[in-house]
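1. I need the structure of the sequence given here:
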Amino acid sequence: MNNQNLSGKKIAFALTGSFCTFDLAIEQMKKLLDLNAEIIPIMSDNAYSIDTRFGDAEMFRKKIERLCGREIIHSIKDAEPLGPQRMADVLIVAPCTGNTLAKLAGGITDTAVVV
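-> Numbers count the residues shown, from 1 in each chain. Sure thing, here's the model as predicted:
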């Protein structure tokens, strides 16, 4: 029996371009939703738009939006309010590419994920 409950918690869940792990990341979203968390989905430009051998971008977008019940934030403009308006309790970046990690460390804000 699972006694954990994340009711009332808003989790910004960002995906970057490690496409081979998208299915695993989506499974983690499901687990958080099962614990009653609210998921705010975010994708980097590449994660949002590139088709790969692991699946096409539109398929992943539809799956995530259907699961979370909201549109994916994928532009800097749409992501900007997240921090100042404290729209989330925590940010999860999974998968997190080395490129994204370097941008976070260096304060480079050129995608919705690192704003």
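
2. Nearest the geometric middle of the chain, what residue?
-> In the chain, the centroid-proximal residue (C-alpha atoms, centre = their mean) is Ala14; its distance is 2.1 Å.

3. Quick check: the gap between that residue and Phe22.
-> Relative to Phe22, Ala14 is positioned 12 Å away (criterion: C-beta to C-beta, to the nearest Å). Where you see a C-beta, it was placed from the backbone N, CA and C, and this is true even at glycine.

4. The nearest residue to Ser75 once chain neighbours are set aside in helix, strand or coil?
-> Closest residue in space to Ser75, ignoring its immediate chain neighbours: Ala112 at 5.8 Å, by C-beta to C-beta, 6 or more residues apart in numbering. Under the three-state scheme (DSSP: H, G, I helix; E, B strand; the rest coil), Ala112 adopts coil.

5. what about the residue nearest to the centre of the chain, which SS state?
-> strand.

6. ok, it touching Leu91?
-> Yes. Assessed by C-beta atoms under 8 Å, Ala14 is found in contact with Leu91 at 6.5 Å.

7. What residues sit buried inside the helix or strand encompassing Gln28?
-> When elements are defined using DSSP states H and E, Gln28 is found to belong to helix 22-34. When neighbours are counted by 16 or more other C-beta atoms under 10 Å, the buried residues of helix 22-34 are found to be 22, 25-26, 29, 32-33.
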